[in-house]
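Student: let me see the structure of the following:
(4 chains)
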Protein chains: 4
Amino acid sequence: MIIILRSDATKEQADSLLALIAEHGLKPLYMPGSERTVIGALGDERVLVPLELEALPFVERVLPVLSPYKLASREKRPGGSTVTVGGVPFGPGTFTIVAGPCAVESEAQIGEAARRVKAAGAHMLRGGAFKPRTSPYSFQGLEEEGLRLLAAAGREVGLPVVTEVMDIYDLELVARHADMLQVGARNMQDYRLLKELGKAGLPVLLKRGMSATYEELLLSAEYLLKEGNKQVVLCERGIKTFEHATRNTLDLNAVPYLQRQSHLPVIVDPSHGSGLRELVAPMAKAAAAAGADGVMVEVHPDPGHALSDGAQALGPDQFAELVGSLRDHAALEGRRLA
Amino acid sequence: MIIILRSDATKEQADSLLALIAEHGLKPLYMPGSERTVIGALGDERVLVPLELEALPFVERVLPVLSPYKLASREKRPGGSTVTVGGVPFGPGTFTIVAGPCAVESEAQIGEAARRVKAAGAHMLRGGAFKPRTSPYSFQGLEEEGLRLLAAAGREVGLPVVTEVMDIYDLELVARHADMLQVGARNMQDYRLLKELGKAGLPVLLKRGMSATYEELLLSAEYLLKEGNKQVVLCERGIKTFEHATRNTLDLNAVPYLQRQSHLPVIVDPSHGSGLRELVAPMAKAAAAAGADGVMVEVHPDPGHALSDGAQALGPDQFAELVGSLRDHAALEGRRLA
Amino acid sequence: MIIILRSDATKEQADSLLALIAEHGLKPLYMPGSERTVIGALGDERVLVPLELEALPFVERVLPVLSPYKLASREKRPGGSTVTVGGVPFGPGTFTIVAGPCAVESEAQIGEAARRVKAAGAHMLRGGAFKPRTSPYSFQGLEEEGLRLLAAAGREVGLPVVTEVMDIYDLELVARHADMLQVGARNMQDYRLLKELGKAGLPVLLKRGMSATYEELLLSAEYLLKEGNKQVVLCERGIKTFEHATRNTLDLNAVPYLQRQSHLPVIVDPSHGSGLRELVAPMAKAAAAAGADGVMVEVHPDPGHALSDGAQALGPDQFAELVGSLRDHAALEGRRLA
Amino acid sequence: MIIILRSDATKEQADSLLALIAEHGLKPLYMPGSERTVIGALGDERVLVPLELEALPFVERVLPVLSPYKLASREKRPGGSTVTVGGVPFGPGTFTIVAGPCAVESEAQIGEAARRVKAAGAHMLRGGAFKPRTSPYSFQGLEEEGLRLLAAAGREVGLPVVTEVMDIYDLELVARHADMLQVGARNMQDYRLLKELGKAGLPVLLKRGMSATYEELLLSAEYLLKEGNKQVVLCERGIKTFEHATRNTLDLNAVPYLQRQSHLPVIVDPSHGSGLRELVAPMAKAAAAAGADGVMVEVHPDPGHALSDGAQALGPDQFAELVGSLRDHAALEGRRLA
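Tutor: Here you go, the predicted model:
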C-alpha cells in the first residue's frame, strides 16, 4: 500500500503512520520527496484496509498495490474454475447457453418456452418469479406459483433452472425450486443477501450492477466465496451510461478483463445489455468471439405479447438460428457447446 | 400515450392497435404520416403500461405523455407535503438537519456524537448498524447492538433517530429501535423491501440509487405510497459518473427538479455526495441555497479514527460552524431551521 | 412531432401553436386530454426544428417522431454504402483492417510498422502526426514531418493512409499527404471543422466522441453529408463511463444499432476502446462477430517503447495472429477481408 | 511515481527500470513484496511522463504521486489568482455575473439584452456568433456580423464581452471583437486551438468538456498557461450522465474541488448545467453558496422566441430578481458583486 501525505504533513505525523504500519506486521517505508512525502507498506496490505487510513487528516490519498479481493482472484486458480449446475458446466473449454422468458407467465408459456429452447440446444432454463420492476403498476411476477411452474417445466425437458432471489425472506422458498440462484443487477450490492447466499449451498449467478465497477463485482463475489460458496458465475449485463438508444451499454471489455483478474466463469446477457431484439444476436455472437463462457438470452414463445421485457426477447426460431451461430464462433475460440 | 410504428407497419397492424386502445377505455387516434404512422391514446394511459406495447414487432417507440407515477406527483399536492418524525418536520418553510456518524462504533462514540450534534443544532441523529460495505473485509456494523446504542443515544439527548434497513429479514428488529427507516442507495430498487416498508408504519428516508434517474427514484417512492405509507422523504446523495476525484457527483439539479415534479420533501447528503471532508460544507450550503428541505451530514467525534467513511466526516466543531451558515443561507430561501 | 403542453396551458396558447404548425405547411392535430393537452404536427417535422418550440413557456416537452438526420439515415440507402479509399472498400460484404502506430515517431518506426502490418494483411496504414494529448508535457507528434513520413511509408508498401486533422488551419497540409482524414473523438462536435471537411473532397473517418450518443454521431456525419461529402466511415472507439479499469468502455451495441439506422459503414477501434493490450484481440474479434465493417488497430514495432499509447499497442506478431482470427470470425458473418 | 510490476516480472526487468529512473535524475526505490514488486521514483516525476512506462510489458500500473499539471496548481499561488477583463475582476472576494443570450440574433435583440442585463447588475455581456449546434439544420449563428453586433452592444452599455471561438481559422476575427475568448465544452480538448489561445494575449474562459475530469480540465488550462497566457477562468457547465431529465448534470463539487487544486477562478454556468429555465436560479444560487467566483447565465429579451437554447434562458425580470439573491448568498460567503 502506498500512502501519499498532504504537502503540509509533519514528520511526526509521518512517523505515527510508519509505526502504525509496523504494528500491523508490515514493513514500513519512508519516502520523503520535494513536494510530497510518500509512505509505503510492504506485505499483505489488506490488513490495513479496515483502518481506513484515507480518513487521517494528513493523508492525501491511499493507493492500494494489491487487488482488494483475494478468493476471487485469478492468482488463486490460474487455470480458471468450472462451476457445474445440475450437470451443466460453466468454464474453460465450454460455451453454455441459458435461455427462457424474462418472467414465468403461465404453465403453457413456460412449458412451451422450455420445449423450444431445449430443442434449439439451450443448456439451462431461466424464468423470473419475483420480478424487480421499475414501476409498481407493472406485472410483478407469479411468485411461488411461478417457481413451481418453472421447476416443473425444467424437469419436463431435462434442463436445470435458474431464477432470481431478491430478499433473504424468499431465499428458502426459491432455493427449494431452483438449481441456481440469480442475484439481479439491482441487488449486486445487497450484502445481507450475499452473505446468506454464501451459505445457501446452491450455485449463484451474480449479475453485475448497472453502475458497478469490475472491482465492485469481484468484491461482491468475494462475499459469496468468503462464506464458503465456491459455485459462482459472473454475468455482464450492461451498464448505465448516457446512451439511451439502447437500454444499457453492454460492456464486453468485462469478459477478457474479468477472466484475467478472476478464476470465475463469465457469461453475458445480451438481452438486458441492449434491450432491443435486433441487437441480441449480434451481441451474443460478439460475446462468444470475445471468449465468454456462455450467454443468457431471453426467449419467449410470443415476444409481442410478453408481460415483461418483450421488446428484448427473441422468438424461438430466432433463438434456434442464434445457437448455430454461437456454436461456430465459440468453436473458433476453442469452446464447445456445453 | 404516443406510439410510433415502424416504417413497414401495415394498416392492419395499426388497426389492431387502435382496437386494443379502445378496448382499454382510451380514445384511439390514427395519424398516418409520410414516413411513419403515429398512434395516439387519449385518457389515463397508465392502464396501457402493463401491455408493454413496445414489444410488438411493428412498434418502433412508445412515448408516454403522462408521468408513470401518480401518488408521488406534485399535482396530487401542489403545496408540498410535510413529513414529521418524532416531532421533527421535513417540508415547506423548514430546513432540517440530520447528523451523526456513518456507523455506530461504541456506546462512547455514538453518545459523544449525539451530544455534539444536538448541541450544534441538529434535529435528528443518524448512525448505521447494518453497514453495506463494498469489501467483506471492512467493518460491517454492530447490528442489533448498534441499534440499541443508537436508540439510547438519541433518547438521551432528545433526538429522533434514523438508520438503514437492508433486508426484510431485519425489518422488525430495526423498526423496534428507529424513528425513521433509511433505504440506502444500493437498495433503492429492492422492490421486495420497499413493499414491506410501505406497510411498516414508520417514516422512510429514501436515498437515490447511484445510477437511478429522477423518474426511477419517484417510482420507488410510488411503491411506498401505493402500499399506504405517506411518510416519505427523498434524499439526493450523488450519482456514479466518470469523475472519480470525488466519491460521487452530487446532483443538485435534483432538488428543484424533484420539488417541481413531486410533493415529497427532498434533502441532500453532501457527505456521500462528495466523499471529501473539505467539500461537505460548501455542498451543504449549496443545497440550502438550491432550496432543499434539509441535509444529512456525517459527523464523527474523531473523524481520523472512524471505522467507516471517516474521510468524509466532519468533526463536531466543523459541523457547528456549518449549522450557522446553513441557518443564514436557508433563511434567504424562506426557511427556518426546523 | 408531438408537443406536450404544460397542465396550465390555455386554449389560446394551444391555438397559437396549431396555427404556427399550419403556417409551416404541416397538418396540426389537437388532442386535449384529462391531464395534458397534446399537439401533433404531421408531415416533415424537421422544418419545425429551428423554431425550438420547447422554449415556449407553455410547452412541457417536444417529442420528435422522425430522426433528426436525413442524409445519414438508412432509409436513404437501405442496402448500405460502400466507401472506397485508395482502392480499399469499406462496406457490405467486406471486412477492412486499418493498422499502424498511434503516432509517427521516426522514418524507421513508421517504415517498419508499415511493412509489418502490410505483411500481416492490413488494408490501410494509420499513424498520427498531430496528436491530441491530454498533457502538454506529452509527445505532441511530428506534425508536417510526420505527415511526410507516413505518406512515404504507405507508398512504399502500397497501403493508403489515414491520419487525424484537428483544425481547419492544418487541413490543406494534412489533405496533401493523406488518403483519408480522421476526425478524432475530441473533435467529433467541432462543427467548423466538419463543415470544411464536407467540402474537402477526401473520405473521412469520423470517430465517435467519448460522450456522444449515436444520434449526435449521426448528426455530425450529417454535417459532412450536407456539404456534399458522401465518403464517410463511422468509428466506435469507446465511451467515457464510470468504469476506469479500462481506458474507455467499448460500446459494441453501436455496430448493429448504427448499421440499422444509417447506411454508412461502421468500424471499431478496440485499442482506444479498451486501452489494454490484452483486451485488443478479444474486442477486435467481438467487433467482427457483431458484424462490423472493419477494425482499426494500433500496432507498433516495439510497443514497450512507443512514445504514445504504447500500453494499448499490439506487437507485429500479435497483430498477424489477430488478422487470421478476424478472417474466420468475419467469414461466419458473410464478410471477406477487403 | 510508483510503478507496480506484474507478478511475473523478473529481477532483470526491475533493474532495467531502476536504471532508467536513475538516468533521468530521480532517486529509484526498489520494494519487492510477496505478491508484487513495487518501484518508486522520488523527485520531479513529471520528467518520466513522456516515457509512458505503463507501456512496458512487465509493468502492471503506474501511479503518479504528483498532479500532472504544474502551472495551474494551487501550490503555485496559494492565495488564488484574479483575472481582469476590461476592468471586471474574477477572483477572491468578488462574485462576477456574466449574462446575455445564447446567440446574437439581431441588432435589436442583442441591444435589448445588453441594456437589460446591465440594468439588472451584470458585469459582462455574453453572446454567441459561431454556434456549435448538434444539428446542421439548426441556426448556426451570425458569424462575423454577430461579432460586430455583440461588440457594439457591449460598448453601448459599457460591458466587456465574451464570445466563443471554435477554430484557429476564426481566432483573429473573433479576437478583434471580444474582450474575452470562450473555449466551449466541445473544444476543451482541442489542443491545437488551446496552444494558439495561449499566445493570443486575451483572457480565456475555459469551459469544462462534457466528459472531462477535473484533471483533464486543469491540463487543458495548463496548455494555455504553458504558452504564457495567465488570464484563464474555468467554468463548470454540467457533465454528461445517465440522467436525461436535465440537459446536463451540473457538478457543483467542481467548485470547491478546483479551487483547492488550482489558483484559477471558477465560475458556473447553470443554464447549460440544467437546461431548464426553472432550475437556473436555484442552481445559480447554489453556485454562490458553494463559493464560486461567479456565474454565467443565459438571458434573452424574449426566451420563448429565442433561436437557440431558449428553453434554458431567463427573461430579463427573472434575471434581475436572481441578481438580488446572488448578492445575498455571495455576501454570506464573503464576496461582493464585482
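
Student: can we go C-alpha only for contacts and neighbour counts from here?
Tutor: Fine.

Student: count the residues that sit near the residue of chain A found nearest chain D.
Tutor: Closest contact between chain A and chain D, by Cα to the nearest Cα, is at A:Phe242 (4.1 Å). Counted with other Cα atoms under 10 Å in any protein chain shown, the neighbours of A:Phe242 add up to 21.

Student: can you report phi and psi for the nearest residue to it once chain neighbours are set aside?
Tutor: Among residues not flanking A:Phe242 along the chain, D:Phe242 sits closest, at 4.1 Å (Cα to Cα, 6 or more residues apart in numbering or on different chains). The phi and psi torsions at D:Phe242 (degrees, to the nearest 10) take the values phi -70, psi -10.

Student: same check on the one 3 residues further on?
Tutor: Phi and psi for D:Ala245, reported as degrees, to the nearest 10, are phi -70, psi -30.

Student: please apply the same query to A:Val266.
Tutor: Residue torsions, per degrees, to the nearest 10, at A:Val266 are phi -130, psi 120.

Student: and it, what does it touch?
Tutor: A:Gly91, A:Val233, A:Leu234, A:Cys235, A:Glu236, A:Val255, A:Leu258, A:Gln259, A:Ala292, A:Asp293, A:Gly294 (Cα atoms under 8 Å, 6 or more residues apart in numbering or on different chains).

Student: same check on A:Gly40?
Tutor: If you count contacts by Cα under 8 Å, 6+ apart, then A:Gly40 has A:Met1, A:Ile2, A:Ile3, A:Lys27, A:Pro28, A:Leu29, A:Tyr30, A:Met31 around it.

Student: specify the local secondary structure of the fifth one.
Tutor: It stands for A:Pro28. strand (DSSP: H, G, I helix; E, B strand; the rest coil).

Student: for A:Glu60, see how far away the closest residue in space to it that isn't next to it in sequence is.
Tutor: Spatial nearest neighbour of A:Pro28, chain neighbours left out: A:Ala41 (4.7 Å); criterion: Cα to Cα, 6+ apart. According to Cα to Cα, to the nearest Å, A:Ala41 stands 16 Å off from A:Glu60.

Student: what about the nearest residue to A:Ala281 once chain neighbours are set aside, how many residues nearby?
Tutor: Closest residue to A:Ala281 apart from its sequence neighbours, by Cα to Cα, 6+ apart: A:Leu322 at 6.2 Å. If you count neighbours by other Cα under 10 Å, A:Leu322 ends up with 18.

Student: please apply the same query to A:Pro28.
Tutor: Counted with other Cα under 10 Å, A:Pro28 comes out at 22.

Student: now the strands for the stretch 201-338 of chain A?
Tutor: Here the stretch 201-338 of chain A has its strands, by DSSP state E, counting those that start in this stretch, at A:204-207, A:232-236, A:266-268, A:294-298, A:336-337.

Student: please identify the deepest-packed of those strands.
Tutor: strand A:266-268 (a mean of 30; mean count of other Cα atoms under 10 Å in any protein chain shown).

Student: how distant is that strand from the center of its chain?
Tutor: 8 Å (Cα atoms, centre = their mean, to the nearest Å).

Student: what do you get for stretch A:220-240?
Tutor: 5 Å.

Student: model confidence over that stretch, on average?
Tutor: Stretch A:220-240 shows a mean pLDDT of 97 in the predicted model.

Student: residues contacting A:Leu194?
Tutor: Residues near A:Leu194 by Cα under 8 Å, 6+ apart: A:Ser220, A:Tyr223, A:Leu224.

Student: so it, which of the three states?
Tutor: helix.

Student: can you check A:Gly40 too?
Tutor: Relying on three-state DSSP, one would call A:Gly40 strand.

Student: got the domain ranges for chain A?
Tutor: Domain assignment of chain A by automatic domain parsing yields the ranges A:2-63, A:83-337.

Student: point out the most buried one among the ones you listed.
Tutor: domain A:83-337 (a mean of 23).

Student: quick one: end-to-end length of that domain, please.
Tutor: 15 Å.

Student: now do stretch A:2-9
Tutor: End-to-end distance (Cα to Cα), stretch A:2-9: 15 Å.

Student: pretty sure A:Phe95 is touching A:Leu332, no?
Tutor: No. Counting by Cα atoms under 8 Å, A:Phe95 does not reach A:Leu332; the two are 11.5 Å apart.

Student: that older thread, which of the domains of chain A comes out lowest on mean pLDDT?
Tutor: Among the domains of chain A, domain A:2-63 scores lowest, with a mean of 91.

Student: and the stretch 101-250 of chain A, which residues reach chain C?
Tutor: Contact residues (Cα under 8 Å from any Cα of the partner chain) of the stretch 101-250 of chain A with chain C: A:Ser211, A:Ala212, A:Thr213, A:Tyr214, A:Thr241, A:Phe242, A:Glu243, A:His244, A:Ala245, A:Thr246, A:Thr249, A:Leu250.

Student: close enough to count as contact, the first one and A:Phe242?
Tutor: Looking back up the chat, that one is A:Ser211. No. If you go by Cα under 8 Å, A:Ser211 and A:Phe242 don't touch, sitting 12.0 Å apart.
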